[in-house]
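Q: Sequence and predicted model, in that order:
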Amino acid sequence: MSQHEILSVKLGELDDTLSRLHSRIQLSEKSDQSSLDSEIRKAETECRKSKEALFERLHYSKSKAVEKLSLAYDAVESSLNKLKKEEVEETPDEKILIAEYSLDFALLAAQNALLRSLEAINAVNNEERRA
C-alpha cells in the first residue's frame, strides 16, 4: 500500500467515525435514561479500546517524531483527566460547554491532520521528483 493510499484509508476511517458520532449524538438526545447510560458505557469502552489499539501500534514505531507525538497526547490526556477530577460539580450547561469545546478541539485536530497530510504528500512528491 502506497503512502498516499494509507492517508486515504485513514480518511475513510475518519469519515465513518464522524458519521457514526453524528448519528449517535442525535439519537442520544432523544434516548431514555437507560439507553443513554448504556450508550455512555459503550462509548467509554470504545474510547478505551481505541486508545489501547493506537498505543499498541505506537509501541512498535521506531520514529522519534511519533514518540514525541505520543508523549504530547499523553500530556494533554493527563491534563484533561486531572481537570475532570477537579471539577466536582459540573452543571448541565457546563457539561454542554465542555462537549462543545471538545468537538472544537476535535475539529482543530482534524485540520492539523490535514496540514500534516498535505506536508507528507508534498515531501513524498519532492523526493520522487529528485529520484
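A: Yep, it's here.

Q: quick one: buried residues of the helix-or-strand element of the chain with minimal mean pLDDT?
A: Taking mean pLDDT, DSSP states H and E as the measure, the helix or strand of the chain with the lowest value is helix 64-86, at a mean of 83. For helix 64-86, burial by neighbour count (16 or more other Cβ atoms under 10 Å) applies to residue 70. Just so you know, the C-beta spots here come from the backbone N, C-alpha and C atoms, and that holds for glycine as well.

Q: Return the distance of that helix from the chain's centre.
A: 12 Å (Cα atoms, centre = their mean, to the nearest Å).

Q: Can you name the element that comes right after it?
A: helix 92-130 (DSSP states H and E).

Q: by contact count, what packs against that following helix?
A: Helix 92-130 is packed against helix 3-28, with contacts defined by 3 or more Cβ pairs under 8 Å, 6 or more residues apart in numbering; DSSP states H and E.

Q: which outside residues touch the least confident helix or strand of the chain?
A: In this structure, residues lying in contact with helix 64-86 by Cβ atoms under 8 Å, 6 or more residues apart in numbering are 55, 58, 61.
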